[in-house]
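Colleague: coords please:
(one chain, ligands or ions: 1)
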Amino acid sequence: MKYVSTRGQSDPVDFLTASLAGLAPDGGLYTPTVWPTIARPKRGDSYVETATRVLSAFVGGTVPDDVIRELATRAYAPFAHQSVAPLVEVAPARWMLELHHGPTLAFKDVAMRLIAQLYDYVLEQRGERMTILCATSGDTGGAAASAFAGSKRVDMVILHPLNRVSPTQRLFMTATGANNVHNLALEGDFDGTQAILKQLLADDQFLRRTGLAAVNSINWTRVAAQSVYFAQAQAQLGADTPIHFVVPTGNFGDALAAYVASRTGLLQGFRCTAAVNANDTMARLLSGKALTKGATAPTISPAMDIQLPSNFERLFFEATSPDLAPGARDGAVVAKAYADLASKGEGAIPAEVAQRLAAAGFDAERVSDAETREEMKRTLAETGWVVCPHTAVGLAAARRVRNADSPIVSLATAHAAKFPETVKETLGIDIGLPARASPFVSRPEKFETGPMSADHVRKRIEDVIAGKR
Ligand SMILES: *Cc1c(COP(=O)(O)O)cnc(C)c1O
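Modeller: Have a look, this model is predicted:
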């Protein structure tokens, strides 16, 4: 199994190179050259077994299956629910796929814990160390910090936008108690931190000097690991039942994972609604609007406050091919759009790209903060459940879906306890952290503030490495 860049200018690489590199040398994202066919899990197959099967298909022989199984077993042992991602029925034919049973209470744990296990294994084999950079809008940082905390082979540097993540989100990345985790709070928004990450990853000399990697939602292993829960949902609802997924969307990692699950044969048909907040770029891109770089509007679903969803680039690349066949994809079209975005502030997307994506089964729904709060209230009234604002964006979008033929599965992306301020304001409920989070509360938070500047981050990474080696 080889991986090519979405911008078409880099040599194909194997899974481990793609996974560890983060970004291809031409600035694109690695994506498989072909879609493997993966046998669907049966109802009742364990999460670890399905994860092993999916990862094995993408790893392409670079890590033995029994090792993958062991890594997955360790990754998912701390989950509070034995099925890892349980499906619960919200209303007749409307389901919620709960992805927040991990240690930091958001779906990012699912992929990040597997990546941490995989990296430690590979670095151990190679006798190497690594510095990992992560830019977070809130939940990735916590998941990465917690997954890599105490790793003997990895130093973790986490960038988050100062005062743009909730205090509880911040707690999970800053109170790990591990001295291999370093947090930088930068003055600006998440797109700024993501731009710095991309800039550093595109700096060859710096990469060679520091051995830097990234574990953002652009990391292919994350997308592959996230496709597992879509397969499990399909198995649970019945192999022949087409499902309409509703995915609260920020960087478009989860929605892309749903697509990957469908392309590898894990789903029966494909329908996916990307549910977005006021930062609705994904909805505009799916309707054929150009790539632009607007300012991010802060909302009550901060993990989705993203103006330029990184993973869209993979879908764009896919849709440059007339029948979405991997062999006919055209990286030059993608490279041109992103070059225009960088130089002129706007990158046009060919009209047929949006048409193909709609034909493939994608659409989008926008949900305002007021509608999100309304949904939190309605869900509480109808089911007695307190849901997080991101999850509520999905549930509100799911109510609008008109699809009589399919059950609707909306992703519950975080535990409500991660957003206690919004829960209190909206529902008047004081929601405490579940018991599994109590170690974070008892430890001090550790982070430093600084300017939104690539040079500042470069310097801090070099300091970290100098202190460690
Ligand atoms: C990351 C995140 C999202 C957005 O997911 P993407 O894969 O970036 O689209 C939604 N909800 C929560 C709680 C998140 O942490």
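Colleague: Mind giving me the packing neighbours of the helix or strand of the chain with the lowest mean pLDDT?
Modeller: For the chain, the helix or strand with the lowest mean confidence is strand 212-214, at a mean of 84 (criterion: mean pLDDT, DSSP states H and E). Applying 3 or more CB pairs under 8 Å, 6 or more residues apart in numbering; DSSP states H and E, one finds that strand 212-214 contacts strand 130-135, helix 190-201. From N, CA and C alone the C-beta is placed, and that goes for glycine too.
Colleague: Would you mind identifying the next helix or strand past it?
Modeller: Using DSSP states H and E, the helix or strand that follows strand 212-214 in sequence is helix 220-237.
Colleague: Give the partner strands of the least confident helix or strand of the chain in its sheet and their orientations.
Modeller: Strand 212-214 has these partner strands in its sheet, going by DSSP bridges: strand 130-135 (parallel).
Colleague: who touches whatever helix or strand comes next after the partner strand?
Modeller: Heading C-terminal from strand 130-135, the first helix or strand you meet, by DSSP H and E, is helix 139-148. Residues from elsewhere that reach helix 139-148 (CB atoms under 8 Å, 6 or more residues apart in numbering): 75, 102-104, 106-109, 111-113, 115-116, 119, 132, 134, 136, 154, 156, 158-160, 165, 169, 171-174, 176, 178, 180-181, 183, 215-217, 303, 413-414, 418.
Colleague: Among those, which ones lie close to the ligand?
Modeller: 106, 108, 217, 303, 413, 414 (CB under 6 Å from any ligand atom).
Colleague: Looking at the stretch 1-150 of the chain, which residue is nearest the ligand?
Modeller: residue 139 (3.1 Å; CB to the nearest ligand atom).
Colleague: burial measure for that residue, as a count.
Modeller: Residues lying near residue 139 (other CB atoms under 10 Å) number 28.
Colleague: Compute the distance between the closest residue in space to it that isn't next to it in sequence and residue 333, please.
Modeller: Leaving out its chain neighbours, the residue that sits closest to residue 139 by CB to CB, 6 or more residues apart in numbering is residue 106, at 3.9 Å. Counting by CB to CB, to the nearest Å, the gap from residue 106 to residue 333 is 34 Å.
Colleague: near the ligand, which residues of the chain show up?
Modeller: Within the chain, the positions near the ligand by CB under 6 Å from any ligand atom are 106, 108, 139, 217, 248-254, 303-304, 390, 413-414.
Colleague: Surely residue 364 is within a helix?
Modeller: No - secondary structure of residue 364 (DSSP: H, G, I helix; E, B strand; the rest coil): strand, not part of a helix.
Colleague: which residue ranges form the strands in the stretch 51-200 of the chain?
Modeller: Taking DSSP state E, counting those that start in this stretch as the criterion, the stretch 51-200 of the chain carries its strands at 87-91, 94-98, 130-135, 154-161, 181-187.
Colleague: Mind putting these into a markdown table with mean neighbour count?
Modeller: A markdown table is the format used below for those (neighbours: other CB atoms under 10 Å):
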| stretch | mean neighbour count |
| --- | --- |
| strand 87-91 | 15 |
| strand 94-98 | 22 |
| strand 130-135 | 25 |
| strand 154-161 | 25 |
| strand 181-187 | 22 |
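Colleague: which of those has the lowest average pLDDT?
Modeller: Lowest mean pLDDT of the strands of the stretch 51-200 of the chain: strand 130-135, a mean of 91.
Colleague: Taking their axis directions, that strand and helix 190-201 sit at what angle?
Modeller: Inter-element angle recorded for strand 130-135 and helix 190-201: 150 degrees (by axes from the mean of the first three to the mean of the last three CA atoms, to 10 degrees).
Colleague: Report the inter-axis angle for strand 130-135 versus strand 181-187.
Modeller: Interaxial angle of strand 130-135 relative to strand 181-187 (the same axes, to 10 degrees): 30 degrees.
Colleague: Run through who's touching strand 130-135.
Modeller: Residues contacting strand 130-135 (CB under 8 Å, 6+ apart): 20, 119, 123, 140-141, 144, 148, 153-160, 190, 193-194, 196-197, 200-201, 210-216, 457, 461, 464-465.
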